[in-house]
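Engineer: what's the 3D shape of this:
(chains A and B)
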Amino acid sequence: GNSVTQMEGPVTLSEEAFLTINCTYTATGYPSLFWYVQYPGEGLQLLLKATKADDKGSNKGFEATYRKETTSFHLEKGSVQVSDSAVYFCALGTSKFYFGSGTKLNVKP
Amino acid sequence: DGGITQSPKYLFRKEGQNVTLSCEQNLNHDAMYWYRQDPGQGLRLIYYSQIVNDFQKGDIAEGYSVSREKKESFPLTVTSAQKNPTAFYLCAVSQGTLNTEAFFGQGTRLTVV
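Structural biologist: Just a heads-up that it's a prediction; the model follows:
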């Protein structure tokens, strides 16, 4: 079956620190992979996506690479800001979407 | 996303009452989804529809019902059979083809007292 596992939070970092949020998946077929971000009381916003193996999605300084050999799609950012504080969801898309449990990121000034 | 409207943003109901949450989209996308999100948890799929007049149960459909009479609308009814309905409900849409992303509404927070 299809599923997504992402690292538990919360993750607390100081401003300008390097961020990694791990995400691994199991899937049948060739899914697309996504990272979404959710701010308090709001819906999810698409952050980036990758549609096939070795694709790199990037947006707003965040990036993630679709690694089929390790079934991973880890989210990285070189220098986080306070405004990046939010909950991040890794997701897998086939005919439906499968979401990880979310990782809360707190960035301190 | 501006093309997906969920209403109302906050909803209060007494236990035992049915309540309907609205989801409207103007993106002309075929597929629509309802998810439930509980505090500190991920999203669980309630129902989804890939075409008008057709829908499928998700992982937690018990106590919920939907209809898809129009492409732009996918209302969710939370019935009195749902044992723990207080949650944040999210509607999403996608083009319905492979490799396309989902777009989300702003959510409805339902509180049953």
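Engineer: number of nearby residues for residue B:67?
Structural biologist: Residue neighbour count, defined by other C-beta atoms under 10 Å in any protein chain shown, stands at 15 for residue B:67. Placement of C-beta: from N, CA and C, glycine included.
Engineer: Also residue A:78?
Structural biologist: The local packing of residue A:78 (other C-beta under 10 Å) involves 11 other residues.
Engineer: Residue B:81 against residue B:61, yeah?
Structural biologist: No - counting by C-beta atoms under 8 Å, residue B:81 sits too far from residue B:61 to count as a contact (11.0 Å).
Engineer: the more surrounded of these two?
Structural biologist: Under the neighbour definition other C-beta under 10 Å, residue B:81 and residue B:61 were set side by side, and residue B:61 has more, 16 against 11.
Engineer: mind checking which helix or strand the more buried one is in?
Structural biologist: Counting by DSSP states H and E, no helix or strand carries residue B:61.
Engineer: OK, contacts around it?
Structural biologist: The neighbours of residue B:61, taking C-beta atoms under 8 Å, 6 or more residues apart in numbering or on different chains as the test, are B:46, B:47.
Engineer: how close does it get to residue B:72?
Structural biologist: Counting by C-beta to C-beta, to the nearest Å, the gap from residue B:61 to residue B:72 is 22 Å.
Engineer: now swap in residue A:69 and tell me
Structural biologist: Using C-beta to C-beta, residue A:69 is found at 42 Å from residue B:72.
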